[in-house]
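>>> Pasted the sequence and its predicted model underneath.
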Amino acid sequence: MLLSKSREDPAVSVFREYIRLKTVHPEPDYDGALKFLGRISEELGLPMKKIEVCPGRVVAIMTWTGTNPSLKSVLLNSHTDVVPVYQEQWKYDAFAAVKDAEGNIYGRGTQDMKCVTIQYIEAIRRLKAAGKRFPRTIHLTFVPDEEVGGHKGMESFINHPEFKKLNVGFALDEGLANPTEAFTVFYGERNPWWITIRCPGSPGHGSRFVENTAAEKLRRIINSFLAFREREKQRLDTSECFTLGDVTTVNMTMVHGGVAYNVIPAEMDVSFDLRIPPTVDLQEFEEQIKAWCAEAGEGITYEFAQKFMQQNTTSTEDNNPWWKAFSSTCKALNMTLEKEIFPAATDSRFIRAVGLPAIGFSPMNRTPILLHDHNEFLNEEVFLRGITVYERLLPVLTAVPAQSGEE
Ligand SMILES: [Zn+2]
Ligand SMILES: [Zn+2]
């Protein structure tokens, strides 16, 4: 036991230390994360800037200045927060970073996305130790609140003057594990729409056939949305080439209404989580929602809690120098890439929304997709291989020749 512990790669120990920080919602220990990152910045000899983009919400930026700092930079983004756990469903404490005999490290954030944060850091540690310098500057950004929508995190930061100062040319952010030998890369995302539909109706005594009730309208709304859900599911199930990112998902996630068993309510509300691929015409889609509301009865209104409207995707053509740099390095490492639309949402959507290219990539092959799930884990060998991947990617990405518009 002692022997195996003493043999652990120091990068794995740093990863496990980071997993132990409870940056978990609803009250993430962001101070703990900033302290940890501050120490790393000293170890690496890279300056770290802290920008409070909203009260209590700090973005940390570590910078490795290039030999030609007027060129656009490469951004390595990661979020520091993680989603809550159902501890009773876990094999081990979700914040203990237990490593089992096979080298699987268990913990919330092992896949989403504390692995990537430490892989960036450890790749840079190795490159610095080898005395390397690169033409383009590398910025590492560590952002809060991705898991609660990014409003007080990347969405605020992207509009901050400090973000403009970074002069970003290309960004890497998180992706997903892949259970096969291949690695998945994401060049776009589905748009999250969170909608609540309010169905007003005539109230009355629970013993009567009242006309125009909220519940009848609610039922029609639910039927329309869930029938559409079924059609989209069919489309995914019957297609050879579609992945989840290519169809629209609809899930009914909340229902509210009613005051007593025997009072017909004056209003009932239903909420849906919709994820819409970038190929869908969003105006048309909203018209469809309006039509469902109109068909379901009088007075129905809707409201969005989240309505992302940007549909930019990042080029994965070989004539794009960033993609070429990324994909040719992966090829040289004998990695097979599967290009997909990200089925959920990440901070990349804010980066792409301001017109910058961003690739979602977490180098985890031979790994089941367990983000947000019980017993999230990552094998230490897969983790260590990922460091090597970034160690190879960074010199190539930071040596992409100046493009037109760059001096
Ligand atoms: Zn994530
Ligand atoms: Zn997540």
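Received it, and whenever you're ready, just let me know what you need. Here the structure is a predicted model, which is why all the values come from computation and not from measurement. Residues are numbered from 1 along each chain as shown. Ligands and ions are numbered 1, 2, ... in the order given.
>>> Residue ranges in the stretch 1-150 of the chain under the pLDDT threshold?
1-6 (pLDDT under 70).
>>> can you give me the helices for this protein?
Secondary structure of the chain (DSSP state H): helices at 2-6, 10-19, 30-44, 114-129, 154-158, 161-165, 214-238, 282-296, 321-332, 348-353, 380-397.
>>> Determine the angle, from 0 to 180 degrees, between the longest one and helix 282-296.
By that I understand helix 214-238. Inter-element angle recorded for helix 214-238 and helix 282-296: 140 degrees (by axes from the mean of the first three to the mean of the last three C-alpha atoms, to 10 degrees).
>>> Contacts made by helix 214-238 with the rest, please.
197, 199-201, 242, 244, 246-252, 255, 257, 264-268, 270, 272, 292-293, 295-297, 300 (C-beta atoms under 8 Å, 6 or more residues apart in numbering). The way it works is simple: take the backbone N, C-alpha and C, and place the C-beta from them, glycine included.
>>> picking that back up, closest one to ligand 1 among the helices of the chain?
helix 114-129 (8.7 Å; C-beta to the ion).
>>> could you measure the residue positioned nearest the centre of the chain against H151, distance?
By C-alpha atoms, centre = their mean, the chain has its centre lying nearest to T346, at 2.7 Å. Applying C-beta to C-beta, to the nearest Å, the value for T346 to H151 is 14 Å.
>>> about what we covered before: per-residue pLDDT of the residue nearest to the centre of the chain, please?
What the model reports for T346 is a pLDDT of 98.
>>> Wait, it touches P192, no?
No. Counting by C-beta atoms under 8 Å, T346 sits too far from P192 to count as a contact (10.5 Å).
>>> from the contacts of helix 214-238, which are also near ligand 1?
When the contacts of helix 214-238 are checked against ligand 1 using C-beta under 5 Å from the ion, none falls in range.
>>> From those, list just the buried residues.
By neighbour count, with 16 or more other C-beta atoms under 10 Å, the contacts of helix 214-238 hold 197, 199-201, 246-250, 257, 264-265, 267-268, 270, 272, 292-293, 296-297, 300 as buried.
>>> can you list the residues of the protein near ligand 1?
So far as C-beta under 5 Å from the ion goes, the chain lies against ligand 1 at 112-113, 174.
>>> So which of the residues you listed is the closest to S41?
Nearest to S41 among these is M113, at 19.1 Å by C-beta to C-beta.
>>> And the pLDDT at the closest residue to the closest one other than its chain neighbours?
Here the nearest residue to M113 in space, its sequence neighbours aside, is E174; by C-beta to C-beta, 6 or more residues apart in numbering that works out to 4.2 Å. Per-residue confidence (pLDDT) for E174: 98.
>>> Tell me how many other residues crowd E174.
As a burial measure, E174 scores 23 neighbours (other C-beta atoms under 10 Å).
>>> And K164, by the same measure?
K164 has 11 nearby residues by other C-beta under 10 Å.
>>> you'd agree L75 is up against L166?
Yes. Look at L75 against L166 with C-beta under 8 Å: they come within range, at 6.6 Å.
>>> Looking only at neighbour counts, state which of these two leads.
L75 (23 against 19).
>>> Just give the nearest non-adjacent residue to that one, would you?
Closest to L75 by C-beta to C-beta, 6+ apart is A171, at 4.0 Å.
>>> hey, what's that neighbour bridged with?
L75, A358 (DSSP bridges).
>>> how far away is it from F186?
Separation of A171 from F186 (C-beta to C-beta): 12 Å.
>>> now the residues of the chain next to ligand 1 as a markdown table including distance to S41?
Shown next, in a markdown table, are these (distance: C-beta to C-beta, whole Å):
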| residue | distance to S41 |
| --- | --- |
| D112 | 23 |
| M113 | 19 |
| E174 | 21 |
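>>> what sits against whichever residue of the stretch 301-407 of the chain sits closest to ligand 1?
Of all residues in the stretch 301-407 of the chain, the one sitting closest to ligand 1 is T346 (5.8 Å; C-beta to the ion). T346 is in contact with 146, 173-174, 186, 189, 360, counting by C-beta under 8 Å, 6+ apart.
>>> hmm, back to that, which of the buried ones among the contacts of helix 214-238 fall within strands?
Members of the buried ones among the contacts of helix 214-238 lying in strands (criterion: DSSP state E): 197, 199-200, 249-250, 257, 264, 267-268, 270, 272.
>>> Contact partners for T253?
271-273.
>>> switch the cut-off to 6 Å
T253 sits next to 271, 273 when contact means C-beta atoms under 6 Å, 6 or more residues apart in numbering.
>>> got it, and E340?
184, 186, 243, 245.
>>> Quick check: bridge partners of the closest residue to the third one other than its chain neighbours?
Taking C-beta to C-beta, 6+ apart as the measure, T243 lies nearest to E340, with 5.2 Å between them; neighbours along the chain are not counted. Going by DSSP bridges, E340 is paired in beta bridges with F186.
>>> Please report the distance of E340 from I195.
25 Å.
>>> How about T117?
With C-beta to C-beta as the criterion, T117 and I195 are 33 Å apart.
>>> Comparing those two, which residue is more hemmed in?
Neighbours were counted for T117 and for I195 using other C-beta under 10 Å; T117 has more, 25 against 19.
>>> Is the more buried one in contact with S78, as I believe?
Yes. Assessed by C-beta atoms under 6 Å, T117 is found in contact with S78 at 4.1 Å.
>>> So for stretch 331-338, first residue to last residue, what's the gap.
Distance across stretch 331-338, first residue to last, is 12 Å (C-alpha to C-alpha, to the nearest Å).
>>> Can you point out the buried residues in that stretch?
Here stretch 331-338 shows 335, 337 as buried, counting by 16+ other C-beta under 10 Å.
>>> Residues contacting it, please?
By C-beta under 6 Å, 6+ apart, stretch 331-338 touches 182-185, 330.
>>> can you redo those as CSV with pLDDT, distance to F134 and neighbour count?
Below are the contacts of stretch 331-338 laid out as CSV (pLDDT from 0 to 100; distance: C-beta to C-beta, whole Å; neighbours: other C-beta atoms under 10 Å):
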residue, pLDDT, distance to F134, neighbour count
A182, 98, 28, 13
F183, 98, 23, 23
T184, 98, 27, 23
V185, 98, 22, 26
C330, 98, 18, 20
